[in-house]
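Enquirer: Below is the sequence, then the predicted model.
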Amino acid sequence: MQISYSGLFEKLTKLDDMRLIEFFMMTDNGRKRGIVLRYDAVRVAEACAG
């Protein structure tokens, strides 16, 4: 599945708003973004499934 950068950024922003991921900026060698899961992915999937 192909996705544009703006589409990806929109989905990541939504997950950040839902507090499922931590989306942050890093400034090591230029501008970079980092993504960290706040919760275990398996537990989130189980909770969403019911």
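Expert: Yes, it's here.

Enquirer: For the chain, just list every one of the strands.
Expert: Secondary structure of the chain (DSSP state E): strands located at 21-26, 32-37.

Enquirer: Now the first one: average pLDDT?
Expert: Strand 21-26 shows a mean pLDDT of 84.

Enquirer: Which residues in that strand does the neighbour count mark as buried?
Expert: Counting neighbours by 16 or more other C-beta atoms under 10 Å, one finds that the buried residues in strand 21-26 are residue 21. Where C-beta positions appear, they are placed from N, C-alpha and C, glycine not excepted.

Enquirer: let's number from 53 now, not from 1
Expert: Shifting the count to begin at 53 puts that one at strand 73-78.

Enquirer: Could you dump the strands of the chain into a markdown table with distance to residue 53 added?
Expert: Shown next, in a markdown table, are these (distance: least, C-beta to C-beta, whole Å):
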| stretch | distance to residue 53 |
| --- | --- |
| strand 73-78 | 19 |
| strand 84-89 | 18 |
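
Enquirer: Any idea which of those strands gets closest to residue 58?
Expert: Among the strands of the chain, the nearest to residue 58 by C-beta to C-beta is strand 84-89 (13.8 Å).

Enquirer: residues contacting residue 84?
Expert: Counting by C-beta atoms under 8 Å, 6 or more residues apart in numbering, residue 84 makes contact with 77-78.

Enquirer: measure it to residue 73 for me?
Expert: When C-beta to C-beta, to the nearest Å is applied, the distance between residue 84 and residue 73 equals 16 Å.

Enquirer: Check residue 53 too.
Expert: 19 Å.

Enquirer: Next: residue 57.
Expert: Summarising the geometry, the distance separating residue 57 from residue 73, computed by C-beta to C-beta, is 17 Å.

Enquirer: same thing with residue 102?
Expert: For residue 102, the distance to residue 73 (C-beta to C-beta) stands at 22 Å.

Enquirer: Same check on residue 59?
Expert: From residue 59 across to residue 73, the span is 16 Å (C-beta to C-beta).
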